[in-house]
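Student: sequence unavailable; structure follows:
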Ligand SMILES: Cc1ncc(COP(=O)(O)O)c(C=O)c1O
Ligand SMILES: Cc1ncc(COP(=O)(O)O)c(C=O)c1O
């Protein structure tokens, strides 16, 4: 793979995303800068799902007929391609409904270790044990750990955030200790864009024998990610943020760990033997995929990964880098606008959040919307982070492969327009 | 609504399901008799999802821009139509990934009552308490209760099954007692076709203050069902069995109960207030829908419900009744074939399972498959039921609105062919 | 232009010069409400004497819509019997949930009619109702406190 | 016709007249295996003397494929050194997982080559391997028991 690859042809790419040609609010051209919340899907992904549904749809792993064979092949083939995309073995990929379910799966399964056999001892957690997260986590990687602590009597601790929006690692040694059972953190913040130093945290966790859980929701869609190389124990991400369908996400788990992790959701297709008196369970990944799965969605996510691969993850990252630099520069030059998060592009992805003096984010978002510019306003499911940075809410623009420099310009002018409208410039 | 409605025009309906025109195994016409596992989707459902994705896709309940408004409307509108379809209020419908998640949600949320506030006292369960299920349950409504019992120290008990495949209610009074906290049972068995007497079980549960959980996976797709009128506390079903997408299901819960049921999956969009020290949660249904939901799939399920409504649930039930009667008669007339489940159509839906003397179900399925006939073989995720009836496995044909009497005939001839092939007839 | 339809002058005036803002004594009950999607919050106190809303005082942070609607609220309810205040609340809630299809009655809602345009933006309805939810909650707490 | 390709005469013969069926003494280790999708099960015993598979006996319920392949198994491994038996097992597993693309070696697999057609049906591969999984497990148990 080369880092000097040709830049993206955004105009050509956009032809694959019909929704980007629509207009909003009385004929305004849509400027979609909310891919951090959910991305749009290319026709290739929609077609893959539709073709599957019109030719091979059946319950997977359950039938002995041809349709069921074909459906099972399509489903497992998608798993293999997705695994390859993230540097994993096929049986290290568990399909979930979204990243949120993935984090909950690990948290509940650890809680279940208390009533499982001795092979699950590695996951036991209780009073005296500690769970370490960060103050910049999305609620999806925060509330499930609060709840696990509440259920088991373990203690929740967390890394703070510096005023620049970087992880404050100054108390690394006092936070990650022999008491630590889990260290869960975002690969890239969905608000700040900050890319966290995975190896520092993984090394610290390993030294004390703690498990690592990486929230890769904002990294896997935007650049090359290899979980094997990162050395994390578990990782989660969602299909809908990476050109894939909603309703499908992935939990990655190292093979040795998944092998003994107790089940979470139970029901059909995840069992080995069921008697009224008790049941035993299938090996992973089946053990963690109870019920009829999101079959066509997994197929769609497979097609999304194929699409991303053809475009090239390095090129996507480079493209977003350019957009982010332009946004940081353009917004940074507007008086009264303050960027929330790093103002340089170093170790930083393409989520650019900001506040405007005298204009509430909700009002700014409304002005942008009236101009056709779709951004997100609020705390972006990272309320404690906003509190830590002393702002109740922010405006977030987030970029993807289909965004252009024109759209960054539109954002900057829109922000100026909001200031004019509310009489602060 | 009238029960003397005109019969279905199956030929016309089949035009909406392109997959049904395909051939399998060297040009054999596909005879799809596996809708009990998963149904096929009409073009109308695929189109609804695609239109949504190409015009209004965005993260719901999270943005202040027009796309997000339109997406939220489409999602909530689907919820309202689905609620109406099953006799529920809109806020009594929780979207899950499948029925299996729905049962797990109730089971885990009950377990969480132990570490929730006093308002959740209604759901507390522990040693001395009992959970009552039946021996004919699908693993999805069986294993989660085993696990809840294991986690909390409660005791699992169950109704047996008569040799005819009916629920054995003779020990009703000794099974449902003051110790009973939950009674969970299938509306219609996915193996036997048996329709269970909901009111008898609901009345008994109410008398002792136990909660009822109805597995409606095989009833909601096949006839008119009104949860409000049935008086159950909770119910679950899956979209993929009723012409809708995979990856979406429904948990119905009575409003008063959902109001105090503790959360299960936690994360974004289900919170009220999040601080590092602790969180509070949104009212239902949001409380139970953590993370970006299966948006387009909910829209697809809304379209499926519209489709079913136009065809008419009474008519669908009547149509399946005719097919079931023909299958029971046709198979019943084949020497060496034994129906597993009621042999009359009274209180019985369109799942017809059987065994063939001297031909293992897997082998019978293979012969049928070679003729283009897709059935399911095995224990159909109801292993204890098969054990109770003394058969290791069975062949199941299951019908839906797009099946014809011709296809029933094909099944019966296929069974004879299997007997010939294995030299038992 | 759409934007002016939503942000009527009346709304911007109330936003820039809110009426009755600040927390005051005496009061019978206080309510804290938060909009979980954006983190906006309001703390609102009511003082009810002989079933008349004698004072409403509040503090909080939020967008122009939530701030202005709380300001309008104080104009509408202070000095009114609780029953009448609740009628105004019902009319305002109905207006806001009407998706822009409801013609507001100026006699009842006074400056509140300016929010008719907001009702077309479902994501902003919660903003407009934040103060009113706090008012409803605070009054019912004050009544609870009195009967208890 | 496809069906005959899968159900070769050899398979049907072994199914109708299985070799070595029934549980026998003496044995060193026993394994119980089940196919979770269809509930088929096999209990299989091995007797290993001086590293030679002296007897394999089994009982169970299952389809023609699982019954026939277990019958073929006994023909292939009884009387063979464990190492050679495992080589045959590896060849059989490879054949079954080859999706019909692998040419079986009759010298190694004897009657086992009849299962080449089954490999085209992924849902039946588990059936064909059920007895072999039990054999592998039982032998490793017998070795564990001896070293312990
Ligand atoms: C009666 C019954 N209950 C539960 C389920 C589980 O549904 P799902 O796998 O869609 O969660 C099924 C179907 O598989 C079923 O037939
Ligand atoms: C960093 C991060 N983590 C977790 C999530 C949760 O993803 P989902 O809602 O798809 O489960 C998101 C997106 O919402 C996110 O940006």
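Tutor: Perfect, thanks for sending it. Keep in mind it's a predicted model, so treat the numbers as computed, not measured. Numbers count the residues shown, from 1 in each chain, chains lettered A, B, ... in the order given. Ligands and ions are numbered 1, 2, ... in the order given.
Student: ok, then the element right after the least confident helix or strand in chain C by mean pLDDT?
Tutor: Each helix and strand of chain C was given a mean pLDDT (mean pLDDT, DSSP states H and E); the minimum falls on helix C:2-6 at a mean of 87. Sequence-wise, the next helix or strand downstream of helix C:2-6 (DSSP states H and E) is helix C:9-16.
Student: how about the helices in chain A?
Tutor: Counting by DSSP state H, chain A has helices at residues A:10-14, A:43-55, A:66-85, A:99-112, A:143-152, A:172-175, A:198-208, A:227-230, A:255-260, A:295-311, A:313-332, A:361-370, A:383-388, A:405-421.
Student: with chain C instead?
Tutor: C:2-6, C:9-16, C:64-77, C:82-96, C:106-109, C:122-147.
Student: the shortest one: how far from the chain's middle?
Tutor: Offset of helix C:106-109 from its chain centre (C-alpha atoms, centre = their mean, to the nearest Å): 14 Å.
Student: around residue A:307, how many other residues sit close by?
Tutor: Neighbourhood size, residue A:307 [other C-beta atoms under 10 Å in any protein chain shown]: 21. For the C-beta atoms, the positions are set from N, CA and C on the backbone; glycine is no exception.
Student: for it, give me its contacts.
Tutor: Listed by C-beta atoms under 8 Å, 6 or more residues apart in numbering or on different chains, the contact set of residue A:307 reads A:16, A:42, A:44, A:45, A:243.
Student: hmm, back to that, okay, the helices of chain A in JSON lines with distance to residue C:17 and mean pLDDT next?
Tutor: What follows is these, written out as JSON lines (distance: least, C-beta to C-beta, whole Å; pLDDT from 0 to 100):
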{"stretch": "helix A:10-14", "distance to residue C:17": "46", "mean pLDDT": "97"}
{"stretch": "helix A:43-55", "distance to residue C:17": "51", "mean pLDDT": "98"}
{"stretch": "helix A:66-85", "distance to residue C:17": "56", "mean pLDDT": "97"}
{"stretch": "helix A:99-112", "distance to residue C:17": "43", "mean pLDDT": "98"}
{"stretch": "helix A:143-152", "distance to residue C:17": "39", "mean pLDDT": "98"}
{"stretch": "helix A:172-175", "distance to residue C:17": "47", "mean pLDDT": "98"}
{"stretch": "helix A:198-208", "distance to residue C:17": "50", "mean pLDDT": "98"}
{"stretch": "helix A:227-230", "distance to residue C:17": "54", "mean pLDDT": "98"}
{"stretch": "helix A:255-260", "distance to residue C:17": "60", "mean pLDDT": "98"}
{"stretch": "helix A:295-311", "distance to residue C:17": "51", "mean pLDDT": "98"}
{"stretch": "helix A:313-332", "distance to residue C:17": "30", "mean pLDDT": "98"}
{"stretch": "helix A:361-370", "distance to residue C:17": "16", "mean pLDDT": "96"}
{"stretch": "helix A:383-388", "distance to residue C:17": "27", "mean pLDDT": "97"}
{"stretch": "helix A:405-421", "distance to residue C:17": "18", "mean pLDDT": "98"}
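Student: okay, now the residue lying closest to residue A:50 once chain neighbours are set aside: neighbour count?
Tutor: Nearest non-adjacent residue to residue A:50, counting by C-beta to C-beta, 6 or more residues apart in numbering or on different chains: residue B:46, 5.8 Å away. Residues near residue B:46, counting by other C-beta under 10 Å, number 21.
Student: relative to residue B:293, how far out is residue B:46?
Tutor: To residue B:293, residue B:46 is 19 Å away according to C-beta to C-beta, to the nearest Å.
Student: then residue A:126?
Tutor: Taking C-beta to C-beta, one finds residue A:126 at 33 Å from residue B:293.
Student: which one's more surrounded, these two?
Tutor: residue B:293 (25 against 13).
Student: which residue sits closest to the more buried one, ignoring its sequence neighbours?
Tutor: Per C-beta to C-beta, 6+ apart, closest to residue B:293 is residue B:95, 5.7 Å.
Student: need the residues of the stretch 251-400 of chain A near ligand 2, please.
Tutor: residue A:381 (C-beta under 6 Å from any ligand atom).
Student: got a pLDDT number for the closest residue to chain B within chain C?
Tutor: At 4.6 Å from chain B, residue C:123 is the closest residue in chain C, using C-beta to the nearest C-beta. pLDDT, residue C:123: 89.
Student: quick one: residues contacting the nearest residue to it once chain neighbours are set aside.
Tutor: Leaving aside its sequence neighbours, residue C:123 sits nearest to residue B:64 (C-beta to C-beta, 6+ apart; 4.6 Å). Counting by C-beta under 8 Å, 6+ apart, residue B:64 makes contact with A:362, A:365, A:366, A:369, A:376, A:377, C:121, C:123, C:124.
Student: residue A:227: which of these is nearest?
Tutor: Among those, residue A:376 lies closest to residue A:227 (C-beta to C-beta), at 27.3 Å.
Student: pretty sure the closest one sits against residue A:369.
Tutor: No: with contact defined as C-beta atoms under 8 Å, residue A:376 does not reach residue A:369; the gap is 10.8 Å.
Student: returning to that earlier point: point out the most buried one among the helices of chain C.
Tutor: Highest mean neighbour count of the helices of chain C: helix C:64-77, a mean of 25 (counted as mean count of other C-beta atoms under 10 Å in any protein chain shown).
Student: so is that one next to chain B?
Tutor: No: shown here: helix C:64-77 not in contact with chain B (C-beta under 8 Å from any C-beta of the partner chain), separated by at least 10.8 Å.
Student: from the contact counts, what lies against that helix?
Tutor: Contacts defined by 3 or more C-beta pairs under 8 Å, 6 or more residues apart in numbering or on different chains; DSSP states H and E place helix C:64-77 against helix A:361-370, helix C:9-16, strand C:41-49, strand C:52-61, helix C:82-96, helix C:122-147.
Student: who has more neighbours, residue A:376 and residue A:369?
Tutor: Just comparing residue A:376 and residue A:369: by other C-beta under 10 Å the higher neighbour count belongs to residue A:376, 30 against 27.
Student: for residue A:349, see how far away that one is.
Tutor: In terms of C-beta to C-beta, residue A:376 sits 15 Å off from residue A:349.
Student: go on, residue A:224?
Tutor: On the measure of C-beta to C-beta, residue A:224 and residue A:349 end up 13 Å apart.
Student: likewise for residue A:48?
Tutor: 27 Å.
Student: okay, now the domains of chain A?
Tutor: Domains of chain A are assigned by automatic domain parsing as A:10-32+A:312-421, A:47-309.
Student: in JSON lines, list those along with distance to residue D:74.
Tutor: Below are the domains of chain A laid out as JSON lines (distance: least, C-beta to C-beta, whole Å):
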{"stretch": "domain A:10-32+A:312-421", "distance to residue D:74": "53"}
{"stretch": "domain A:47-309", "distance to residue D:74": "25"}
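Student: which one of those domains lies nearest to residue B:149?
Tutor: That would be domain A:47-309 among the domains of chain A, by C-beta to C-beta, at 9.6 Å.
Student: in chain A, which residue sits closest to ligand 1?
Tutor: When scored by C-beta to the nearest ligand atom, chain A has residue A:291 as its residue closest to ligand 1, at 3.1 Å.
Student: number of nearby residues for that residue?
Tutor: 29.
Student: now residue A:101
Tutor: 27.
Student: picking that back up, which of residue A:48 and residue A:349 has more neighbours?
Tutor: residue A:349 (28 against 25).
Student: surely that one touches residue A:218?
Tutor: Yes: if you go by C-beta under 8 Å, residue A:349 and residue A:218 touch, sitting 6.3 Å apart.
Student: need the residues touching each of those two.
Tutor: With C-beta under 8 Å, 6+ apart as the test, residue A:349 and residue A:218 both reach residue A:188.
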